[in-house]
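Enquirer: Need the 3D shape of this:
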Amino acid sequence: MSKIGITDRFALVMVVLFYLTTVAIGVFYHPRSVKSELTSKVEQKMLNHIVLIKFKPDITTTDLQLISDGGYSLQQIEGVVDLNFTENVSPEGLTQGFTHSLTMKFTKAVDRDSIYLPHSIHQKFVKLFVPFTESVLVYDYWD
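Expert: Down below sits the predicted model:
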């Protein structure tokens, strides 16, 4: 029986390390696994929170600007992913008097229910804008 020399042992260790590295790279960086990670992020559903607002006819532009600024302050609340306060520009004539919307997105319902809704910034905003409204419609959905 012949003895294995130091060079042969070193070569064997190098081959084994190369093989294990190749397998690890194949497992962790295979295009299918990378694609599934990207797909899961893209396919993650978002909770859309839409507030349609019908303001009283006597609201001033100054009041509207205060409300807009207050609406955008809601972005500071943890869990609010995207926020937009906009004026309706639909030409269809089906607005039923709703002139503005406040829309935001959440990744989880718990962010809306347990963080956003009871948050002091949200409560302050509600107290600010509700006295200027005739009607408010809230509609939430997953997309």
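Enquirer: Check the offset of the longest helix along the chain from the chain's centre.
Expert: For the chain, the helix with the greatest residue count under DSSP state H is helix 6-28. Offset of helix 6-28 from its chain centre (Cα atoms, centre = their mean, to the nearest Å): 43 Å.
Enquirer: what's the answer for stretch 125-138, then?
Expert: Using Cα atoms, centre = their mean, the offset of stretch 125-138 from its chain centre is 24 Å.
Enquirer: Identify each buried residue in the host helix or strand of Val126, please.
Expert: For Val126, the element it lies in under DSSP states H and E is helix 120-129. Across helix 120-129, burial judged by 16 or more other Cβ atoms under 10 Å covers 122, 125, 128-129. C-beta here means a position set from N, CA and C on the backbone, and glycine is covered the same way.
Enquirer: of the residues you listed, the lowest pLDDT goes to which?
Expert: Within the set of the buried residues of helix 120-129, pLDDT is lowest for Phe129 (93).
Enquirer: For the closest residue to that one other than its chain neighbours, give me its contacts.
Expert: Closest residue in space to Phe129, ignoring its immediate chain neighbours: Ile67 at 4.7 Å, by Cβ to Cβ, 6 or more residues apart in numbering. Counting by Cβ atoms under 8 Å, 6 or more residues apart in numbering, Ile67 touches 85, 128-129, 132.
Enquirer: where in the chain is pLDDT low?
Expert: Within the chain, the stretches with pLDDT under 70 are 1-2, 30-43.
Enquirer: what about 80?
Expert: 1-5, 8, 11, 15, 18, 22-43 (pLDDT under 80).
Enquirer: Map the structural domains onto the sequence of this structure.
Expert: Using automatic domain parsing, the domain ranges for the chain come out as 6-42, 47-142.
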